[in-house]
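# model the following, please.
(one chain, ligands or ions: 1)
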Amino acid sequence: MASAPEFVSATPAVAIRPMREADVPAVAEVERSAYAFPWSVGIFRDCLRVGYVCRVVELEGRVIGHGILSMGAGEAHILNLCVQAEYRCLGVGRRLLTLLIDIARGAGMTDAFLEVRPTNTAAIRLYLAMGFEQVGVRRGYYQAVNGREDAAVLRLPLVSD
Ligand SMILES: CC(C)(COP(=O)(O)OP(=O)(O)OC[C@H]1O[C@@H](n2cnc3c(N)ncnc32)[C@H](O)[C@@H]1OP(=O)(O)O)[C@@H](O)C(=O)NCCC(=O)NCCS
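This next block holds a predicted model:
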């Protein structure tokens, strides 16, 4: 396992850049290591093909995280936010999410939305810390080991009233 800590606070060695087709196998590997029901290689390729905002976090030439954002009709949707386990709790997820939100705001989106499993406390704490608020529940939205799991729907206004 790679040692994580040296880049933490200022994160100088971490770069966030647009995802390329050639990154997809590495992205899918991080994805598989992070989720019980990971996106496939094909889903990431589709995200690139349809022009979603796709970013990777790179550390010393290796992909250690990814974020995907779709935008349309004034709304941004955070579709995926993932950091490899060894590099969590170091500020990388917050940095990646901040970048996606900045992109959405810069593109004139009025709100950002996302779905999250109510059991995913790490992600929920990040989202609440970033100003997201829960606005709804999607029943049975996620696959789960024993059937389906609800999704909490969170919203962040991107323009002040
Ligand atoms: C959610 C995820 C992206 C967060 O990435 P990260 O790089 O660890 O997050 P950060 O280090 O930037 O943490 C930012 C904030 O999130 C919260 N947080 C992150 N990890 C946490 C944990 N294990 N427990 C509690 N809070 C946590 C904290 O509020 C933290 O702020 P703080 O450091 O000031 O306390 C990461 O845990 C992950 O990839 N999880 C697996 C994939 C996933 O579930 N994605 C979200 C799908 S909706």
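
# give the buried residues for stretch 112-125.
Under the neighbour-count criterion of 16 or more other Cβ atoms under 10 Å, stretch 112-125 has 112-117, 123-124 buried. C-betas here are computed from N, CA, C, even on glycine.

# show me which pair in those residues is furthest apart.
The span of these, defined through Cβ to Cβ, is set by 112 and 117 at 18.1 Å.

# skipping its backbone neighbours, what lies nearest the residue of the chain found nearest the ligand in space?
At 2.2 Å from the ligand, residue 93 is the closest residue in the chain, using Cβ to the nearest ligand atom. Nearest non-adjacent residue to residue 93, counting by Cβ to Cβ, 6 or more residues apart in numbering: residue 83, 4.9 Å away.

# bridging residues for that neighbour?
Beta bridges link residue 83 to residue 65 when assigned by DSSP bridges.

# does it touch residue 65 like I think?
Yes - assessed by Cβ atoms under 8 Å, residue 83 is found in contact with residue 65 at 4.1 Å.

# joint contacts of these two?
Residues touching both residue 83 and residue 65 (Cβ atoms under 8 Å, 6 or more residues apart in numbering): 57, 92-93, 96.

# tell me which of these is nearest to residue 37?
Among those, and counting by Cβ to Cβ, the member closest to residue 37 is residue 93, at 19.2 Å.

# how far away is the closest one from residue 24?
20 Å (Cβ to Cβ, to the nearest Å).

# can you mark which positions in stretch 23-36 are buried?
23-24, 26-28, 30-31, 34.

# narrow those residues to those in helices?
Secondary structure assignment by DSSP state H places 24, 26-28, 30-31, 34 of those in helices.
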